[in-house]
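K.L.:
predicted model follows, preceded by the sequence.
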Amino acid sequence: MADLRRIAFLLERAHESTYRVRAFRTAAAALVRRTPDEIAAMVRSGELKRLKGVGEVTARCVAESVAGEEPVYLRRLEAIGSTPLDEATAALRAALKGDCHSHTDASDGGSPLREMVETAQGLGHDYLVITDHSPRLTVANGLSAQRLRAQLEQIAELNAELGTGFRVLTGIEVDINEDGSLDQDPDLLSELDLVVASVHSKLRSPREEMTERMLTAIENPHVDVLGHCTGRMVTGNRKRPESQFDADAVFAACAANGVAVEVNSRPERLDPPKRLLRLAVEAGCLFTIDTDAHAPGQLDWLDNGCGRAAACGVPTDRILNTWPVDQLLTRAR
């Protein structure tokens, strides 16, 4: 049911709890193979409420949809809407052609590849880079080399089906190990369209150790983007401070090696902080503005990053995902 999926999308965009989102996506999945007439009959008979995966709230929404009404739940979410963008932010958002950091249910995302891709298409993207986690991050069900190769085949099949007009790009969010090496087979990394490298462990290491770790990764020829560089969390139950590192040295290395600094749009990250983002601009760095989406509705978080980038004077022509996809692929090493 389209209304159930729209509700789930808006809940994800609003960063609501996973269990609430799951209720609507589960109900939509339970009805996906049923015709409108079958669903209407189930509403009339009361059978809908007894269907596995459909609860009282979702059944009420379906009944309202069947009656030709916009569900009250959906109407309330649509009314909340999003905050209007200022002129600079809106211009930058309009310039973005894709998203370079997203996750599917192959690792710790909540939805399958196809659903993420269809949502990106609906948002007007030209491309979406799939960057599921690497194997070391077991808590996020990181992909082994074998599982990643299987995903590459799945992406190739989906691209063949989509034809021209939209591209699914292959990628990974690869862990930066303590010694600065990357948590995936180098030969496999070389096959990917884009590699985002991030620190996910020992985030409170001494400044010197973290700096050396990041510099080693940035100098790796497979790395295209430095993800959420400070690792901070500013909201929610997992608040944590920024990692300490020599930002001047790290951003100078990014500029020298052509590694883009990610402007992460997740509301609990908003990384890097504005003072560091301005420092990266002064260092001459390239950038990406990414959602780090783990669910379809989160793909609509780009406004967050665009607002921060506009406020810090990030030049549009230095943001990789304002470039056409072929130019992006030519630039990525």
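P.N.:
It's in.
K.L.:
report the contact partners of R308.
P.N.:
Residues in contact with R308, defined by CB atoms under 8 Å, 6 or more residues apart in numbering, are V263, L270, K274, L277. All C-beta spots, glycine's among them, are computed from the backbone N, C-alpha and C.
K.L.:
go with 10 Å
P.N.:
With contacts taken as CB atoms under 10 Å, 6 or more residues apart in numbering, R308 has the following neighbours: T89, V263, N264, S265, L270, D271, P272, P273, K274, L277, I289, V314.
K.L.:
for the second one, which three-state class applies?
P.N.:
In other words, V263. Look at V263: counting by DSSP: H, G, I helix; E, B strand; the rest coil, its state is strand.
K.L.:
isn't C254 right up against T288?
P.N.:
No: counting by CB atoms under 10 Å, C254 sits too far from T288 to count as a contact (11.6 Å).
K.L.:
of these two, who's got more company?
P.N.:
With other CB atoms under 10 Å as the criterion, C254 and T288 differ in neighbour count, and T288 comes out ahead with 28 against 25.
K.L.:
which SS state does the more buried one fall under?
P.N.:
strand.
K.L.:
find residues that contact each of C254 and T288.
P.N.:
With contacts taken as CB under 10 Å, 6+ apart, C254 and T288 have V225, L226, A260, V261 as neighbours in common.
K.L.:
quick check: beta-bridge partners of the second one?
P.N.:
Partner residues in beta bridges with L226: A197, V261, with DSSP bridges as the criterion.
K.L.:
tell me the confidence at it?
P.N.:
L226 is assigned a pLDDT of 98 by the prediction.
K.L.:
could you do the one 5 residues further on as well?
P.N.:
pLDDT for G231: 97.
K.L.:
same check on L92?
P.N.:
pLDDT, the model's per-residue confidence, is 97 for L92.
K.L.:
how about the contacts made by it?
P.N.:
L92 sits next to 85, 289, 302-303, 305-307, 309-310, 314, 316, 319, 322 when contact means CB under 10 Å, 6+ apart.
K.L.:
in strands, which of those residues appear?
P.N.:
I289 (DSSP state E).
K.L.:
so how far is V199 from A280?
P.N.:
The gap separating A280 from V199 is 16 Å, by CB to CB, to the nearest Å.
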